[in-house]
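Sequence and predicted structure are below.
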Amino acid sequence: QVQLIESGGGWVQSGGSLRLSCAASGRTDSQFSMGWFRQAPGKVREFVAVIRWNGVNKYHADSVKGRFTISRNNAKNTVYLQMNSLKPEDTAVYYCAARYGTEGSTIDDYNYWGQGTQVTVSS
């Protein structure tokens with residue numbers, strides 16, 4: 001079992017930056033990938049980014065590529081999402097997710113989820 005707790009959400013003006021954090025606890029001795037998803041009101045949850053346990057293999061959705069960066073600190077069992085040049089369409093609840101093994105980009109790939117953190121970008 002892995003427990004995930006997100007933090008760092010909030011309100012920011014368009015063009016601003018935020019950094020989300022997700023701390024993992026529990027069975028963190030195994031190699032697991034961690035991802036970020038988001039869900040805007042009335043929309044389906046969508047993939048944002050994922051990073052493998054080694055911290056090297058990482059992928060970002062086209063909609064955030066060049067603006068968002070995922071990273072992780074295994075010593076702290078924490079994954080980060082640095083979000084720059086934020087746009088109003090980035091407004092959503094952001095969820096951290098984890099799975100054992102290699103990275104995935106769909107909701108069904110992940111076994112563990114955090115409670116979510118709200119990000120609001122005003123124009």
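Structure received.

Next, residue 108: phi, psi?
For residue 108, the backbone dihedrals are phi -70, psi -10 (criterion: degrees, to the nearest 10).

so the most centrally placed residue in the chain bridges to which residues?
What sits nearest the mean C-alpha location of the chain, by Cα atoms, centre = their mean, is residue 36, with 2.4 Å. The partner list for residue 36 in beta bridges (DSSP bridges) reads residue 49, residue 96.

again, but for residue 21
residue 7, residue 80.

ok, it to residue 70 distance?
Per Cβ to Cβ, to the nearest Å, residue 21 is found 11 Å from residue 70. (C-beta placed from N, C-alpha, C; glycine too.)

neighbour-wise, which of those two wins?
residue 70 (21 against 17; other Cβ atoms under 10 Å).

what's near enough to touch the more buried one?
Residues in contact with residue 70 (Cβ atoms under 8 Å, 6 or more residues apart in numbering) are 35-36, 48-51, 58, 60, 79-82.

Using PDB, write down the CA coordinates of the helix or strand containing residue 12.
Here residue 12 sits within strand 10-13, counting by DSSP states H and E. The C-alpha coordinates for strand 10-13 follow below in PDB (Å, rounded to 0.1, in the frame of the first residue of the first chain):
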ATOM      1  CA  GLY A  10      -3.700  27.600  -4.800                       C
ATOM      2  CA  TRP A  11      -4.800  30.600  -6.700                       C
ATOM      3  CA  VAL A  12      -2.500  32.400  -9.200                       C
ATOM      4  CA  GLN A  13      -2.900  34.900 -12.000                       C
END
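
wait, doesn't residue 48 sit right on residue 38?
Yes - shown here, residue 48 and residue 38 form a contact pair, counting by Cβ atoms under 8 Å, at 5.4 Å.
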